[in-house]
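Asks: compute the structure for the input listed below.
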Amino acid sequence: MKSFLLVFTFGIAGIDPMGLTLLLAGIASGVKKRQVAAFGLATFFGTILLGVLFSLFGGQITDWIRPLVPQANDPSWAMAEIAVALLIGYWLFTHITARSRTHDNTEGRESGRPSSVFGMAVSGFAFSLSAVPDPAFLATAVIASQTSSLPKMIIMHSIWVLVSQILLFAFIAAYLLDAHEPLKDFVRPIWESVKRPVIGALYVGIGALCFGMAIDAIALFATGEYLVRL
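Replies: Numbering: from 1, shown residues only. As a prediction, this is how the structure comes out:
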């Protein structure tokens with residue numbers, strides 16, 4: 001019982017609104033109930049699968065990955081930073097230029113390309129991978145590894161993902177039951193009033209991150225040291 005309480009506590013510590021944010025973006029692009037359900041199920045079962053794998057083979061996974069990780073000042077990190085900065089920059093550029101077009105053209109383009117059920121399922125599983133660097137997820141994997149019962153291990157990881165993604169799963173349940181409309185009606189005017197500054201701040205923050213990564217990589221090539229040391 002103590003182990004389950006610990007896992008529940010770790011779930012609270014790992015509460016993350018990102019899954020709900022991604023789902024809302026998908027709904028805005030025109031996904032239907034089947035796609036929403038596919039995203040939620042893939043996130044749920046994908047996270048459980050990852051948790052069980054880490055609980056059973058965490059030590060072996062660490063031993064396998066460690067030799068593949070470059071040293072702190074290896075140029076590989078700088079090349080990775082530049083690649084990520086270019087990808088972020090491209091994403092930022094395409095989104096800013098898309099928003100500069102007329103609203104009608106943008107709306108028509110987005111509504112014409114809703115994701116498939118398979119695509120949403122893949123997105124849900126990809127999102128479940130974001131749990132791996134979460135300390136609360138890793139702590140849950142350690143607690144679950146102490147039991148020899150696979151069903152108990154699965155229950156522990158189920159509790160963690162349900163609690164940590166309570167915002168996502170609660171909204172999915174409300175959406176599938178058509179109980180989300182009052183929430184949408186309440187949130188819509190608030191969002192419309194703050195949308196421009198929030199999106200502007202998001203773009204500025206992403207641009208600053210992109211610029212900082214590029215400068216950090218250039219500093220390594222120029223001086224042999226990173227500007228930011230972790």
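
Asks: distance of the closest residue to residue 33 other than its chain neighbours from residue 150?
Replies: What sits nearest to residue 33 in space, not counting adjacent residues and going by C-beta to C-beta, 6 or more residues apart in numbering, is residue 176, at 5.8 Å. The way it works is simple: take the backbone N, C-alpha and C, and place the C-beta from them, glycine included. Going from residue 176 to residue 150 by C-beta to C-beta, to the nearest Å gives 30 Å.

Asks: the bottom helix or strand of the chain by mean pLDDT?
Replies: Of all helical and strand segments in the chain, the minimum by mean pLDDT, DSSP states H and E falls on helix 103-111, at a mean of 47.

Asks: next helix or strand past that helix?
Replies: helix 117-128 (DSSP states H and E).

Asks: which parts of that following helix are buried?
Replies: Of the residues in helix 117-128, those buried by neighbour count under the rule 16 or more other C-beta atoms under 10 Å are 117, 120, 121, 122, 123, 124, 125, 127, 128.

Asks: just flag the most distant two among those.
Replies: Between any two of the buried residues of helix 117-128, the greatest separation by C-beta to C-beta is 16.8 Å, found for 117 and 128.

Asks: and residue 122, what does it touch?
Replies: residue 42 (C-beta atoms under 8 Å, 6 or more residues apart in numbering).

Asks: err, residue 50, not the other one
Replies: Contacts for residue 50 were tallied using C-beta under 8 Å, 6+ apart; they are 128, 129, 131, 132.

Asks: shouldn't residue 221 be in contact with residue 81?
Replies: No - contact between residue 221 and residue 81 fails when scored by C-beta atoms under 8 Å: they sit 10.6 Å apart.

Asks: the more surrounded of these two?
Replies: Neighbours per residue, other C-beta atoms under 10 Å: of residue 221 and residue 81, the larger number sits with residue 81, 21 against 11.

Asks: tell me the SS of that one?
Replies: For residue 81, the reduced secondary structure class is helix; criterion used: DSSP: H, G, I helix; E, B strand; the rest coil.

Asks: so what pLDDT did it get?
Replies: At residue 81 the predicted local confidence, pLDDT, stands at 80.

Asks: in which helix or strand does the residue lying closest to it once chain neighbours are set aside reside?
Replies: If you skip the residues right next to it in sequence, residue 81 has residue 217 as its closest partner in space, 4.1 Å away by C-beta to C-beta, 6+ apart. With secondary structure defined by DSSP H and E, residue 217 is part of helix 181-223.

Asks: now do that helix: distance to the chain's middle.
Replies: A distance of 15 Å separates the centroid of the chain from that of helix 181-223, by C-alpha atoms, centre = their mean, to the nearest Å.
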